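Enquirer: Can you look at this prediction? I've put the sequence above it.
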Amino acid sequence: MTGGELVRDDPDHEFTIRQARESDVEDVVSFTQDTWGDRHGDYLPEVFDEMVATDGPTQHTLVVDVDDGADVAGVLQCVMLSDTEAWAQAMRVNPDYRGRDLSPELSRAAFRWARDRGAVVCRNMVFSWNVAGLGQSRSVGFDPATEFRWLQPDPDADADPGLDVVADADAAWAYWSRSDAREHLRGLAMDDEESWACSELTRADLRNAADGDGLFVVVDGGTRAMSALAYTYDRENEDGVEETWGVYHAAAWDDTEALDALTDAIARDAADRGIDATRILIPEGVRWVSDAAATRTAVSDEPDFVLAADLTDESLF
């Protein structure tokens, strides 16, 4: 037997939730390789083996086992981002086993794992166009949290901010704390360790960014804008050429002049670091997106949504 948590016996199969293992990779790749084929495809087939291999005290990858190892009906990973924040990702249900209410069981197992490690909230991210994923998230206890887009200035070694840009973590924190961007984003920004995850931005995050010369604070008669580098990563583009991407925690600014200075500072820094493309998390809303348009800074076509489950709510379990 699998040694996992029995979900149920139905007339055709026995479903059990257990931790993922190397032998599951082929099954998971098989049922996820065509996910979102009409969009950009699914990243899971490329990374699932690494997800399994790196499981540990702060990361737990779950699968729904079918008939004691005969197949995999679903997958979900949960990661602890801080002492109190968990992140759920890579939720997929095998099309051959849909309609059996497996996703709620997977989510509850992830919630239990996170709560046992001290988490009081578990969040996830869903593409705004993924209506099925949004419905699934709401059905298992995730509530709306916030939405954002990506600001994408091109790296430019000759970019001139025009205003002073400093690396003052305390000024950045004070500005972020009172900003409308922080209020809209519920304090969330890109996590600096887990890729494609959002956690609460802290003063320590900004100090770490400053220590790595990755903090950008626009000052002109007071603080007017801020952002910070979260991490960089390499990936192959559609032509098979490896590119370096820079991902930034979040951005907040007063007006288009301040935003222009901020994006110029980041564009120049990105070029100096050898970064080929950037992504800066910004709030979704007409003010922020139109500011980007007014400064002729590229912005993603569609927003992403973040949802959150309150793990102090016993009804989720």
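Expert: Arrived safely, thanks for sending. Everything numeric in this text was worked out from a predicted model, so none of it was measured.
Enquirer: Specify the residue ranges that define each domain of the chain.
Expert: 5-146+307-316, 153-299 (automatic domain parsing).
Enquirer: worst average pLDDT in the ones you listed?
Expert: Mean pLDDT is lowest for domain 5-146+307-316 among these, at a mean of 93.
Enquirer: Can you give me the end-to-end span of that domain?
Expert: End-to-end span of domain 5-146+307-316 (C-alpha to C-alpha, to the nearest Å): 17 Å.
Enquirer: Where do the strands of the stretch 151-300 of the chain begin and end?
Expert: Taking DSSP state E, counting those that start in this stretch as the criterion, the stretch 151-300 of the chain carries its strands at 164-166, 188-190, 198-200, 215-219, 223-236, 242-253, 277-283.
Enquirer: Just tell me which of those ends up closest to H60.
Expert: Closest of those to H60 is strand 198-200, at 17.0 Å (criterion: C-beta to C-beta). Where you see a C-beta, it was placed from the backbone N, CA and C, and this is true even at glycine.
Enquirer: Run the chain-centre distance for the closest one.
Expert: 8 Å (C-alpha atoms, centre = their mean, to the nearest Å).
Enquirer: returning to what we had before: can you put the domains of the chain in CSV and add mean neighbour count?
Expert: Listed next are the domains of the chain as CSV, based on neighbours: other C-beta atoms under 10 Å:
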stretch, mean neighbour count
domain 5-146+307-316, 17
domain 153-299, 19
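Enquirer: so can I have CSV of the strands of the stretch 151-300 of the chain showing distance to L262?
Expert: Converted to CSV, the strands of the stretch 151-300 of the chain look like this (distance: least, C-beta to C-beta, whole Å):
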stretch, distance to L262
strand 164-166, 8
strand 188-190, 15
strand 198-200, 20
strand 215-219, 5
strand 223-236, 4
strand 242-253, 6
strand 277-283, 9
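Enquirer: So for R207, which of the ones you listed sits nearest?
Expert: Comparing the strands of the stretch 151-300 of the chain under C-beta to C-beta, the one sitting nearest is strand 215-219, at 8.3 Å.
Enquirer: The closest one to strand 242-253, inter-axis angle?
Expert: With axes from the mean of the first three to the mean of the last three C-alpha atoms, to 10 degrees defining the directions, strand 215-219 sits at 40 degrees from strand 242-253.
Enquirer: Which residues does strand 215-219 contact?
Expert: 161, 163-169, 171-172, 175, 206, 209, 223-229, 253, 258, 261-262, 265-266, 269 (C-beta atoms under 8 Å, 6 or more residues apart in numbering).
Enquirer: re earlier: select, out of the strands of the stretch 151-300 of the chain, the one closest to T32.
Expert: When those are compared (using C-beta to C-beta), the closest one is strand 223-236, at 18.0 Å.
Enquirer: Parallel or antiparallel, list what pairs with the closest one.
Expert: According to DSSP bridges, strand 223-236 forms sheet pairs with strand 215-219 (antiparallel), strand 242-253 (antiparallel).
Enquirer: by how many degrees do that strand and strand 277-283 diverge?
Expert: Angle between the axes of strand 223-236 and strand 277-283 is 130 degrees (criterion: the same axes, to 10 degrees).
Enquirer: Kindly provide the distance from A157 to A225.
Expert: The gap separating A157 from A225 is 21 Å, by C-beta to C-beta, to the nearest Å.
Enquirer: F148 too?
Expert: 17 Å.
Enquirer: go on, P95?
Expert: P95 is 46 Å from A225, by C-beta to C-beta.
Enquirer: rewinding a little: distance to A73 added to the strands paired with strand 223-236, as JSON lines?
Expert: Below are the strands paired with strand 223-236 laid out as JSON lines (distance: least, C-beta to C-beta, whole Å):
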{"stretch": "strand 215-219", "distance to A73": "45"}
{"stretch": "strand 242-253", "distance to A73": "33"}
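Enquirer: Looking at the ones you listed, spot the one closest to Q59.
Expert: strand 242-253 (19.4 Å).
Enquirer: export the closest one as PDB, just CAs?
Expert: Taking C-alpha atoms only, strand 242-253 is exported to PDB below (Å, rounded to 0.1, in the frame of the first residue of the first chain):
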ATOM      1  CA  GLU A 242      19.100  31.300 -22.600                       C
ATOM      2  CA  GLU A 243      18.000  34.600 -21.100                       C
ATOM      3  CA  THR A 244      18.400  36.200 -17.600                       C
ATOM      4  CA  TRP A 245      15.300  37.600 -16.000                       C
ATOM      5  CA  GLY A 246      15.200  40.100 -13.100                       C
ATOM      6  CA  VAL A 247      12.100  39.900 -10.900                       C
ATOM      7  CA  TYR A 248      11.300  42.800  -8.600                       C
ATOM      8  CA  HIS A 249       9.400  42.700  -5.300                       C
ATOM      9  CA  ALA A 250       6.900  45.500  -6.000                       C
ATOM     10  CA  ALA A 251       6.800  49.100  -7.000                       C
ATOM     11  CA  ALA A 252       5.100  52.100  -5.500                       C
ATOM     12  CA  TRP A 253       5.200  55.700  -6.800                       C
END
